[in-house]
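>>> Okay, structure incoming, though there's no sequence with it:
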């Protein structure tokens, strides 16, 4: 079943959510490598909760937005994001910084270190892809339930 099959979503008001759900659904039909799929899932997440960072304020970077907004959203979910697959007790904001570093390495053609601290238990692209797919799906479903929250959070 499609994520948004039972929702009537105001496409103009919630354009970012609509586009993110649509892109996530289209990924199912694309033969993507692990690295490219990880990058694609980050695109979906960024579409949902980030805005174009300003060029002066450090606290406005995409990394900062992800590492602060996702923990906030997770705490509000009936079933928060599950980080047990990583096998450690790294703080959530730090976890997203590690994941974003992986995303940046993929995007910028740098060395991929799946065995880096914070990723070592999910030490390959396929394992991280599975976890990130589940997490992205959770964020999308919560966005459909809390459309107004996401709309306001995106601008912060």
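Now that the structure is in, tell me what you want to look at. Note that the structure is a prediction, hence the values are computed from the model and not measured.

>>> Can you check the distance spanned by stretch 105-113, start to finish?
This stretch, stretch 105-113, spans 9 Å end to end (C-alpha to C-alpha, to the nearest Å).

>>> mind checking the longest helix of this protein?
helix 125-145 (DSSP state H).

>>> Quick check: phi and psi on the residue nearest to residue 80 when sequence neighbours are not counted?
Among residues not flanking residue 80 along the chain, residue 74 sits closest, at 4.5 Å (C-beta to C-beta, 6 or more residues apart in numbering). Placement of C-beta: from N, CA and C, glycine included. Here is the backbone geometry of residue 74 (degrees, to the nearest 10): phi -60, psi -40.

>>> Let me know the pLDDT of residue 74.
Looking at residue 74, its pLDDT stands at 94.

>>> right, and it touches residue 81 too?
Yes: with contacts counted by C-beta atoms under 8 Å, residue 74 reaches residue 81, the gap being 4.3 Å.

>>> about what we covered before: for the residue nearest to residue 80, what are its contacts?
Residue 74 sits next to 80, 81, 92 when contact means C-beta atoms under 8 Å, 6 or more residues apart in numbering.

>>> and the second one, how many neighbours?
Same thing as residue 81. By other C-beta atoms under 10 Å, the residues close to residue 81 number 19.

>>> Where does it sit: helix, strand or coil?
Under DSSP: H, G, I helix; E, B strand; the rest coil, the three-state class of residue 81 is coil.

>>> what about this protein, any weak spots by pLDDT?
Where the chain drops to pLDDT under 70, the residues are 1-9, 54-60.

>>> Work out which residue lies at the spatial centre of it.
residue 45 (3.5 Å; C-alpha atoms, centre = their mean).

>>> What separation is there between that residue and residue 115?
Separation of residue 45 from residue 115 (C-beta to C-beta, to the nearest Å): 23 Å.

>>> hang on, residue 115 packs against residue 123?
Yes: with contact defined as C-beta under 8 Å, residue 115 reaches residue 123; the gap is 4.9 Å.

>>> what is in contact with the two at once?
By C-beta under 8 Å, 6+ apart, residue 115 and residue 123 have no common neighbours.

>>> from memory the residue nearest to the centre of the chain sits against residue 139, does it?
Yes: the pair residue 45 and residue 139 qualifies as a contact (C-beta under 8 Å) at a distance of 6.2 Å.

>>> I appreciate the help and will end here.
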